[in-house]
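>>> One predicted model, sequence on top.
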Amino acid sequence: MSLESHCSPRIRVLIVEDDIHFQNALVEAVQNAPDMRLLAVACTRSQGLQAIDGEPADVLLVDLGLPDGSGIDVIRAARARWPDCGIMVSTGFGDELHVMQSLEAGAAGYLIKDSTSKRMLGEIRNLHAGGSPISPMIARQILMRFVRPETSDSAPLELEADKPRAALSVREQQVLEFITKGFSVEEIASLMSVSRHTVQTFVRRIYGKLQVNSRAEAIYEARSQGLLDA
């Protein structure tokens, strides 16, 4: 179900959610937000994949447990078709397998479905601004995944001797360091005196060279290669 609007600068949102109560709350919140425009709503994996053939979204909100399959398939398709789209999972699944599969597929945010619709609007804006909204319990899982049992809290991160260092340009290195410090895409663009689109291009190149799909993975991989101070 496509919804039209004449205000193109607004954040274009696509929702893929089968929980009718949660879906209705999200739809109402997005429709009432002056800075957002609801492009479409899908209730199944197949509807989600079909919606991706339409107008590009700025933000995709997707559940994982859909009636006819996994929302991860929708994430992969959206990432391939809309590389600039911010993808955020909103689900009841909090296990490591679902989390890591979603991030590897291209999700930049992961929220357990316990947020109010008002808070979700803030997370949509955060994601669109270059942030990575992640529920605290999920963030802990991601961090713990990279903790090696043999290292103590005071031990430096060991470099992988057999892994070549990614060849980043000077500008890419600069963007990477800003990412590590937590700056959003808009903030980086302002600091570097370039456009938001240019920063997003640098970020995609960095992810590609590091072979990662999220900020957390990029920071970990860059440090493991010695591209950042430990």
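Perfect, thanks for sending it.
>>> following the worst-scoring helix or strand of the chain on mean pLDDT, which helix or strand comes up?
The helix or strand of the chain with the lowest confidence, counting by mean pLDDT, DSSP states H and E, is helix 136-145 at a mean of 71. Note on helix 136-145: by DSSP states H and E, the next helix or strand toward the C-terminus is helix 170-180.
>>> Measure how the following helix or strand past that following helix sits relative to helix 170-180, angle-wise.
Tracing the chain C-terminally past helix 170-180 and defining elements by DSSP H and E, one meets helix 185-192 next. Here helix 185-192 runs at an angle of 130 degrees relative to helix 170-180 (axes from the mean of the first three to the mean of the last three C-alpha atoms, to 10 degrees).
>>> Quick check: buried residues in helix 185-192?
Buried residues in helix 185-192, defined by neighbour count with 16 or more other C-beta atoms under 10 Å: 185, 188-189. Backbone N, C-alpha and C define where each C-beta goes, glycine included.
>>> who touches the longest helix belonging to the chain?
Longest helix in the chain by number of residues (criterion: DSSP state H): helix 196-210. With C-beta atoms under 8 Å, 6 or more residues apart in numbering as the contact definition, helix 196-210 has outside contacts at 83-84, 130, 166-168, 171-172, 175-176, 179, 185-186, 188-189, 192, 213, 217-218, 221-222, 225.
>>> Can you lay out the buried residues of helix 185-192 as CSV showing pLDDT?
Putting these into CSV (pLDDT from 0 to 100) gives the following:
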residue, pLDDT
185, 81
188, 86
189, 85
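>>> which one of those sits closest to residue 92?
Top of the list for closeness to residue 92, among the buried residues of helix 185-192 and by C-beta to C-beta, is residue 185 at 29.2 Å.
>>> ok, now which ones touch the nearest residue to the closest one once chain neighbours are set aside?
On the basis of C-beta to C-beta, 6 or more residues apart in numbering, the spatially nearest residue to residue 185 that is not a chain neighbour turns out to be residue 130, at 2.9 Å. Residue 130 is in contact with 183-188, 199, counting by C-beta under 8 Å, 6+ apart.
>>> Over to residue 130. Which of the three states is it?
For residue 130, the assignment made with DSSP: H, G, I helix; E, B strand; the rest coil gives coil.
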